[in-house]
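J.: Predicted model and sequence follow; I will ask about them next.
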Amino acid sequence: MESPFDVEEIFPDVADSVRLPRRQSGSSPQGLAVTLIADYTLSSRAWLPTASIVALLGEFGVTAGAARTAISRLARRGVLEGSRRGRHSSYRLTGPAAGDLSSGGISIAGFAAGPDSWDGSWTAFVFTMPKEEKSRRSSLRAQLRWRGYAPLYDGVWVSPHPMKEHDHAELVAATPGATTAFRARHLRFASGTTRDPIEAWDITAIAAEYETFVRRWTPLLPRIRADDITGAAAVRARTEVMDTYRRFPALDPLLPLELLPPDWPRTRARETFVAVYDGLAEPAQDHVRAVAAHVDDEPRPDIRTHTVAEMAVGVIGSSTKATTNRASG
């Protein structure tokens, strides 16, 4: 199997108006900048001084030059928009980027939140692609993986969930060949030569990723409850836990529990994520405000974080009146 995280970021690089960066194994400066800015300004679309973004990225080991390059590239991609007052510049999320990130946040926050439900059917997306269309084939495969599909055979990708109309339209548009989509039950035969759809996923590898996540973050919970993680450490931990957890919906698209081993670690991973992300919200927010206030030389109450529950109902820039014309450095 391919590495479980060799897939597109929650936001694939295929949108019309905004191109959010792909997430590789580890954090690129652009991806890290998007996570940081969204985590603390998505609800208000607050302007952040360029110097404060550079300083926050510096706490992750990103050099000032690399940070400024990342900001510039995000602006060219339509993710950030800039404003200038005198010699000082500020940036904030564009409207389309904020919308995409809010929608993606709903998916992340809702992942594994409800009871398991499966009607016993599978969706199959079948396609043919001209051999010379290698780059488009790669793009289509990335889009399918982002939507939770896995390859049962080369041109047959499956998912336990119904296909949405807009997903079908986008996949067809990306396929310069013939496509067929249908939903049906798997017929089990005595012959051992057939392949069960669940075998499209490497269940052992997915479970290992969940267990690694839980082992990594569970030891921090007592320190979080004791308010022992503050400042830059809180921001780093909160960003890292989001950066890792946000990949699980593509890795494990809510595969039916009845087909998985007992004690599947999905729920434990979600509980751990919520405890870390929400538990560090206040100290991380305090630190980001302090960094921005140091640059602005004034308080920044418009910088505010959100919990997983708030993210689940859609965090979008709805209160911008205090920051619309802001352009301080």
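T.: In hand now; what should we look at?

J.: Need the contact partners of stretch 177-187.
T.: 120-130, 133, 162-163, 168, 171-172, 196-197 (CB atoms under 8 Å, 6 or more residues apart in numbering). Heads up, the C-betas are built off the backbone N, CA and C, glycines and all.

J.: Filter those down to the buried ones.
T.: 122-125, 127, 129, 163, 171, 197 (16 or more other CB atoms under 10 Å).

J.: Take these and write them to JSON lines, including distance to T307 and secondary structure.
T.: Converted to JSON lines, the buried ones among the contacts of stretch 177-187 look like this (distance: CB to CB, whole Å; DSSP: H, G, I helix; E, B strand; the rest coil):
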{"residue": "W122", "distance to T307": "35", "secondary structure": "strand"}
{"residue": "T123", "distance to T307": "32", "secondary structure": "strand"}
{"residue": "A124", "distance to T307": "38", "secondary structure": "strand"}
{"residue": "F125", "distance to T307": "35", "secondary structure": "strand"}
{"residue": "F127", "distance to T307": "40", "secondary structure": "strand"}
{"residue": "M129", "distance to T307": "43", "secondary structure": "coil"}
{"residue": "M163", "distance to T307": "31", "secondary structure": "coil"}
{"residue": "L171", "distance to T307": "33", "secondary structure": "helix"}
{"residue": "P197", "distance to T307": "36", "secondary structure": "helix"}
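
J.: Any chance of those in JSON lines with distance to A55 and pLDDT as columns?
T.: Putting the buried ones among the contacts of stretch 177-187 into JSON lines (distance: CB to CB, whole Å; pLDDT from 0 to 100) gives the following:
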{"residue": "W122", "distance to A55": "49", "pLDDT": "97"}
{"residue": "T123", "distance to A55": "46", "pLDDT": "97"}
{"residue": "A124", "distance to A55": "49", "pLDDT": "96"}
{"residue": "F125", "distance to A55": "45", "pLDDT": "96"}
{"residue": "F127", "distance to A55": "47", "pLDDT": "93"}
{"residue": "M129", "distance to A55": "46", "pLDDT": "86"}
{"residue": "M163", "distance to A55": "44", "pLDDT": "94"}
{"residue": "L171", "distance to A55": "41", "pLDDT": "89"}
{"residue": "P197", "distance to A55": "49", "pLDDT": "95"}
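
J.: TSV please, covering those residues and showing distance to V274.
T.: TSV is the format used below for those (distance: CB to CB, whole Å):
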residue	distance to V274
W122	30
T123	29
A124	34
F125	32
F127	37
M129	40
M163	29
L171	32
P197	30
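
J.: Between those residues, which sits nearest H306?
T.: M163 (30.0 Å; CB to CB).

J.: Now A181: closest residue in space that isn't a chain neighbour?
T.: Once flanking residues are discounted, A181 sits nearest to F125: 5.0 Å by CB to CB, 6 or more residues apart in numbering.

J.: need the strands for this protein, in chain order.
T.: Taking DSSP state E, the strands of the chain run over residues 48-49, 80-85, 88-93, 121-127, 150-153, 156-159, 179-185.

J.: low-confidence ranges in this protein?
T.: 1-27, 192-193, 317-329 (pLDDT under 70).

J.: for it, what spans make up the helices?
T.: 29-41, 50-58, 64-76, 95-110, 134-146, 165-173, 203-217, 221-225, 231-245, 248-251, 266-279, 281-296, 308-312 (DSSP state H).

J.: how distant is the fifth one from the center of its chain?
T.: Read that as helix 134-146. 18 Å (CA atoms, centre = their mean, to the nearest Å).

J.: buried sites along that helix?
T.: 137, 139-146.

J.: With the fourth one instead?
T.: When burial is assessed from 16+ other CB under 10 Å, helix 95-110 yields the following buried residues: 95, 97-102, 104-105, 108-109.

J.: now swap in the shortest one and tell me
T.: Taking 16+ other CB under 10 Å as the neighbour-count basis, helix 248-251 is seen to contain the buried residues 248-251.

J.: From the residues you listed, pick the one nearest W201.
T.: Checking these against W201 with CB to CB, the nearest one is L251 at 8.5 Å.

J.: Is it correct that that closest one is in contact with I203?
T.: No: at 11.0 Å, L251 does not count as touching I203 under the criterion of CB atoms under 8 Å.

J.: what's the spacing between S103 and A55?
T.: S103 sits 29 Å away from A55 when distances are taken as CB to CB, to the nearest Å.

J.: tell me the residue furthest from the middle of this protein?
T.: A190 (41.0 Å; CA atoms, centre = their mean).

J.: Check the gap between that residue and G120 for me.
T.: 20 Å.

J.: now do R73
T.: Where G120 is concerned, R73 sits at a distance of 46 Å (CB to CB).

J.: Now tell me what touches stretch 56-71 from outside.
T.: With CB under 8 Å, 6+ apart as the test, stretch 56-71 has contacts from 27-30, 32-33, 36, 50, 53-54, 80, 91, 232, 235-236, 239, 288, 291.
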